[in-house]
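**Q** turn this into a model:
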Amino acid sequence: MKSDKEILDAYLRPELVKLLAQCSESQQRKFKRIFGEVKTMPAEKIPSAVALCERTVKNIEPHFLRKHNL
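**A** Model (predicted):
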């Protein structure tokens, strides 16, 4: 059976990388200051990091739509 750390590494780290790719460079820098590198981030920080990234990405979409009158 996999440990919690192995589960986080296998599933949430790749998801976090995908979410960060959708953020702007300044948001990525801010994220890096708060949490550090995704590859070396302690496992206990990953769920919080994913939650923050998801909220950031969800906020990007409405802003983009308003900006471009879509």
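**Q** this protein: helices as residue ranges?
**A** 4-7, 13-21, 25-35, 46-67 (DSSP state H).
**Q** using a markdown table, lay out these together with mean pLDDT and mean neighbour count.
**A** Bear in mind the C-beta positions are built from the backbone N, C-alpha and C, glycine included. Shown next, in a markdown table, are these (pLDDT from 0 to 100; neighbours: other C-beta atoms under 10 Å):
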| stretch | mean pLDDT | mean neighbour count |
| --- | --- | --- |
| helix 4-7 | 77 | 11 |
| helix 13-21 | 91 | 15 |
| helix 25-35 | 92 | 13 |
| helix 46-67 | 77 | 13 |
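**Q** just give the nearest non-adjacent residue to Ser48, would you?
**A** Phe35 (7.9 Å; C-beta to C-beta, 6 or more residues apart in numbering).
**Q** quick one, what contacts that neighbour?
**A** 41, 45, 48-49 (C-beta atoms under 8 Å, 6 or more residues apart in numbering).
**Q** from Lys45, how far off is it?
**A** 6 Å (C-beta to C-beta, to the nearest Å).
**Q** before we move on, what about Ile34?
**A** With C-beta to C-beta as the criterion, Ile34 and Lys45 are 9 Å apart.
**Q** hang on, the earlier thing: how close does the residue nearest to Ser48 get to Lys2?
**A** 23 Å.
**Q** next one: Arg55
**A** The value you get for Arg55 to Lys2, if C-beta to C-beta is used, is 27 Å.
**Q** same thing with Leu16?
**A** Distance from Leu16 to Lys2, by C-beta to C-beta: 18 Å.
**Q** how about Lys30?
**A** 32 Å.
**Q** swap in Thr40?
**A** Distance from Thr40 to Lys2, by C-beta to C-beta: 20 Å.
**Q** quick one, which of the two is more surrounded?
**A** Legend: neighbour count by other C-beta atoms under 10 Å for Thr40 and Lys2, higher for Lys2 (10 against 7).
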